[in-house]
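Novice: model this:
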Amino acid sequence: MPPGAFAGRPERPPRWDAGPRPLELAPWGRRAIAATLDGLIVLLIASAFLVPALVVGLSLSAGDDVADVAAVAITFLLGLAFAVLATIVYQPLMLWRTDGRTVGKRITGVRVVRADRLPMDLGTAMLREVVVKSIAVGVAAAITVGAAYLVDWFWPFVDDENRALHDFPVDTRVVIDDGS
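Specialist: Residues are numbered from 1 along each chain as shown. Next comes the predicted model:
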């Protein structure tokens, strides 16, 4: 017999819905308010870069109509890039560093947890927020003229565990934050 053959399996953390303290799923309204607040934070972060870029761009145009249009177009593209960058940085880093609690989630008293109750790691947070929510749902929304965003947003109403579509690939749940 190899050493440790009868040592037993290593202890696994309880699932989100098991154990001595099962977690309570967050209602859709709290999820929606948290997402809206986090969206506003991303908008503020992007605006902090966009407004100075707009001021500089318009000051360099010197009253030329073509230059004004070009400055506004470039500023719009920069603003879009800053918004994407803020989303890619803010959401995953906050989820990782605060174990599932963004500012919006803290305010509404909810958090994202992994189904296996292990701490939120950067890989899971990046996969959930960037790959699934931003890229996969974003591409699907571009193809469906925004319908994919609506389906993802309202999916918790039809799922028995209140999951949005972006929760499925990473096996996460949004729960009431009990402070643990």
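
Novice: Now His166. Its backbone dihedrals?
Specialist: Backbone torsions of His166, given as degrees, to the nearest 10, read phi -70, psi -10.

Novice: which residues does it contact?
Specialist: Shown in contact with His166 (Cβ atoms under 8 Å, 6 or more residues apart in numbering): Arg128, Val132, Lys133, Ala136, Val137, Asp152. For every residue, glycine as well, the C-beta is placed using N, CA and C.

Novice: Now do it, the pLDDT please.
Specialist: On the pLDDT scale, His166 is placed at 95.

Novice: again, but for Val145
Specialist: Reported pLDDT for Val145: 95.

Novice: ok, and the closest non-adjacent residue to the most centrally placed residue in the chain?
Specialist: Centroid-nearest residue in the chain: Glu129, 4.1 Å away (criterion: Cα atoms, centre = their mean). Spatial nearest neighbour of Glu129, chain neighbours left out: Gln91 (4.1 Å); criterion: Cβ to Cβ, 6 or more residues apart in numbering.

Novice: how near is the one you found to Val103?
Specialist: According to Cβ to Cβ, to the nearest Å, Gln91 and Val103 sit 10 Å apart.

Novice: And those two? Which one has more around it.
Specialist: Gln91 (25 against 15; other Cβ atoms under 10 Å).

Novice: can you pull the contacts of that one?
Specialist: Asp38, Val42, Thr102, Ala125, Glu129, Val130, Lys133.

Novice: Which ones among these lie within strands?
Specialist: Judged by DSSP state E, the subset of those located in strands is empty.

Novice: Would you reformat those as JSON lines and include distance to Ala32 and pLDDT?
Specialist: Shown next, in JSON lines, are the contacts of Gln91 (distance: Cβ to Cβ, whole Å; pLDDT from 0 to 100):
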{"residue": "Asp38", "distance to Ala32": "11", "pLDDT": "95"}
{"residue": "Val42", "distance to Ala32": "16", "pLDDT": "88"}
{"residue": "Thr102", "distance to Ala32": "14", "pLDDT": "96"}
{"residue": "Ala125", "distance to Ala32": "20", "pLDDT": "96"}
{"residue": "Glu129", "distance to Ala32": "17", "pLDDT": "93"}
{"residue": "Val130", "distance to Ala32": "21", "pLDDT": "92"}
{"residue": "Lys133", "distance to Ala32": "14", "pLDDT": "92"}
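
Novice: Understood, closing this out.
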